[in-house]
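Enquirer: Sequence plus the predicted model coming up.
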Amino acid sequence: MKISRSRLFLAVACLSLAAVPVLSQVTPPDLSVCDGVTCDNLPSSVCSAAGFKITLTGFTEPSTNNNGSATYTYQICSPAAGVCNGAVRNGESCLDNSFCQKKGQAEDLTATCSRECATDSFRGLSHFDVAFPELGASCLSATTLVTGSCTNGNFVLGDGSCFGATSPVAKCDNTNLATGSCFTMTVTFAGELTGLGSGPMAVVDKEATTCTASCMAGPSCNRCNPPPPGQECLTRTIGFWGNHPWITNNYVPVTVCGKSLGCSGGISTTSSPACLAGTCDSVIEGLCSVPGSELKSNTAYVSMVRQMTAAQLNLNATASHFIGATCSAFTYGGKNIQQWIADCESLCGADEATISASGCIEALDAFNNSEDTGFDVTPSPFDRPPVDDFGKISGADSKQCGKAQGNGKDPKLVIGMKVGSNDCR
């Protein structure tokens, strides 16, 4: 399938290089580089002509509410130094090919640097731009709110580096990218409910007075290779949901055995709101109760509740990131996940032998441990280390999950059951 430029919302990333004079006559980029590119060979990562590696690492589709937005995350890396392969500087550390080709009076013009994305001449990065030359003539309007952030430098709107001064541009300014390091730029388009998708864009590098373009995946009004409706599926395990409350609180409430479970605590050290154990409406109690110690008479029931809680969180997370997605590609024993959840819900009052023989626990466990399917780029916050609600890399936070296990003075609570004096029916 040939991709026509006329159907694209063309986004352009522009790299300006430090120590390069900005002159009045600049050769503009050739924005036809995506002509003839097919969905089958469209890359999500490129080595730019200036020696940087640029990758679309995250794409969050707009939600279905009126405030839906589409978010793109780009990673820009300055690859680590390589070594020279050639006669005059063999084995020496290098950043570009030209360094390897001459030493004193000796020359070896065939020598190369093993550095990833190595170019003949490498210069440092001063700023990274994402420009929108067709804004107003595409599915976006001139009033579309564009916001973003940069982990290196400061996010601003507006720049005329490779285009006219009036071209709309989202920019990471004043970057200082050391060799071997990366930074990210996040760009969000507000109010886009159905249009933006992952399609071809042009990546533009500026060296001296020339802007050169290459083609990669990026914002588009028409998605490249949209998956069949409903087949996207994002799944995480019981342990993930129980020990990452700042992510879990984004996808509650869920209903399990007639109980609505959520996160209703205040602000903890990692999560806002907190997902607290110790109550019959706690999603953590649904995830983390221990079958053998909290309900010895029906351990299968507790196992089923745990798996159903995680399964409902997985469906909520999938639906929030992929419009209309229902994990329709998953089947187990000839039934889809919705059928299994309905069957398992009907067993909430059953005895251990009935639940154990039903296949519910095995089917739900298979779903919760299945691989992500139907999308190329993992959406945030599942695409990165566990950064909590306050921006800290916190690892797992198992405190409330531990309390839900009913050890010591912590109450033994089983969703939908009475355990001793504790009634969660």
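Expert: On my side now, so go ahead.
Enquirer: helix or strand for Met308, which one?
Expert: helix 299-321 (DSSP states H and E).
Enquirer: mind saving the C-alpha coords of that helix as PDB?
Expert: Extracted in PDB, the C-alpha atoms of helix 299-321 (Å, rounded to 0.1, in the frame of the first residue of the first chain):
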ATOM      1  CA  THR A 299      -8.800 -21.500  48.600                       C
ATOM      2  CA  ALA A 300     -10.000 -21.800  45.000                       C
ATOM      3  CA  TYR A 301     -12.500 -18.900  45.600                       C
ATOM      4  CA  VAL A 302      -9.700 -16.600  46.800                       C
ATOM      5  CA  SER A 303      -7.500 -17.500  43.800                       C
ATOM      6  CA  MET A 304     -10.400 -16.800  41.500                       C
ATOM      7  CA  VAL A 305     -11.100 -13.400  43.000                       C
ATOM      8  CA  ARG A 306      -7.400 -12.500  42.700                       C
ATOM      9  CA  GLN A 307      -7.300 -13.400  39.000                       C
ATOM     10  CA  MET A 308     -10.700 -11.700  38.200                       C
ATOM     11  CA  THR A 309      -9.500  -8.500  39.900                       C
ATOM     12  CA  ALA A 310      -6.300  -8.400  37.700                       C
ATOM     13  CA  ALA A 311      -8.300  -9.400  34.600                       C
ATOM     14  CA  GLN A 312     -10.700  -6.500  35.100                       C
ATOM     15  CA  LEU A 313      -7.800  -4.100  35.600                       C
ATOM     16  CA  ASN A 314      -6.200  -5.300  32.400                       C
ATOM     17  CA  LEU A 315      -9.500  -4.800  30.400                       C
ATOM     18  CA  ASN A 316      -9.800  -1.300  31.900                       C
ATOM     19  CA  ALA A 317      -6.200  -0.400  31.000                       C
ATOM     20  CA  THR A 318      -6.600  -1.700  27.500                       C
ATOM     21  CA  ALA A 319      -9.900   0.200  26.900                       C
ATOM     22  CA  SER A 320      -8.400   3.400  28.200                       C
ATOM     23  CA  HIS A 321      -5.400   3.300  25.800                       C
END
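Enquirer: any idea of the mean pLDDT in the very next helix or strand once past that helix?
Expert: Downstream of helix 299-321, the first helix or strand assigned by DSSP H and E is strand 331-332. Mean pLDDT, strand 331-332: 90.
Enquirer: gap between strand 331-332 and the chain center?
Expert: How far strand 331-332 lies from its chain's middle: 26 Å, per C-alpha atoms, centre = their mean, to the nearest Å.
Enquirer: Repeat that for stretch 96-115.
Expert: Its chain's average C-alpha position is 39 Å from that of stretch 96-115, according to C-alpha atoms, centre = their mean.
Enquirer: in that stretch, what's buried?
Expert: Within stretch 96-115, the residues that count as buried by 16 or more other C-beta atoms under 10 Å are Asp96, Asn97, Phe99, Cys100, Gln101, Lys103, Asp108, Ala111, Thr112, Cys113, Arg115. All C-beta spots, glycine's among them, are computed from the backbone N, C-alpha and C.
Enquirer: and if you look at stretch 70-84?
Expert: For stretch 70-84, the neighbour count (16+ other C-beta under 10 Å) marks 70-79, 81-82, 84 as buried.
Enquirer: Next, the distance between the ends of that stretch.
Expert: Start-to-end span of stretch 70-84 (C-alpha to C-alpha, to the nearest Å) is 43 Å.
Enquirer: how far is that stretch from where the chain is centred?
Expert: Relative to its parent chain, stretch 70-84 has a centroid offset of 16 Å by C-alpha atoms, centre = their mean.
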